[in-house]
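Undergrad: Any chance you could fold what I've pasted below:
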Amino acid sequence: MERPTGVTILAVLAFIGAGTGVLFSLLMFVGGPMTSSAAQYPQFAMMTAFGRAVVGMVCLGLAALNIVVGVGFWKLQNWTRILTIVLLGLNLLATVRALFVPYAEMPAFFIQDLIDIAIVLVVLVYLFRPRVKQAFGATRF
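TA: Purely as a prediction, here's the structure:
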């Protein structure tokens, strides 16, 4: 069976996310030394540079995960579909929990969370469609 168009879109989005993660991590690595050389207080500069390096490493790790997921979607690996369902479920729980934070001063965050929930639900429903499950070779879940 050929790859559904939606799965191809998810693979391309994963690759775009990986590229964005790599670029952001490079900015963190380059910005760390610039911050440390510009700071007046050496201890603060060192902590800031270390923090930026840690964030850069986390972004590189997430970029690698995006590449793996993108390749998995491209090759129709069922473990990728299951991993994505689990991660989207965790995202959904965190976003729904965030809705209960008072948004009195920042209603844009509330709207952003609602949009995030809608996107996650659309992707989850799509990944459970029989034709998509069949393309991945899934028999049950």
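Undergrad: Of all the residues in the lowest-mean-pLDDT helix or strand in the chain, which ones are buried?
TA: Least confident helix or strand, the chain: helix 5-38 with a mean of 87, by mean pLDDT, DSSP states H and E. Buried positions in helix 5-38, judged by neighbour count with 16 or more other C-beta atoms under 10 Å: 6-7, 10-11, 14-15, 17-18, 21-22, 24-25, 28-29, 31-32, 35-36. For every residue, glycine as well, the C-beta is placed using N, CA and C.
Undergrad: Roughly how far does residue 65 sit from residue 56?
TA: Distance of residue 65 to residue 56, computed by C-beta to C-beta, to the nearest Å: 15 Å.
Undergrad: who's more crowded, the two?
TA: Neighbour count, other C-beta atoms under 10 Å: between residue 65 and residue 56, residue 56 has more, with 21 against 16.
Undergrad: what helix or strand does the more buried one sit in?
TA: helix 42-74 (DSSP states H and E).
Undergrad: got it, and residue 100?
TA: Per DSSP H and E: nothing holds residue 100, as it lies in no helix or strand.
Undergrad: How much space separates it from residue 93?
TA: Distance, residue 100 to residue 93, using C-beta to C-beta: 12 Å.
Undergrad: And what about the residue sitting furthest away from the middle of the chain, helix, strand or coil?
TA: Distance from the C-alpha centroid of the chain peaks at residue 40, with 35.2 Å (C-alpha atoms, centre = their mean). Here residue 40 is recorded as coil under DSSP: H, G, I helix; E, B strand; the rest coil.
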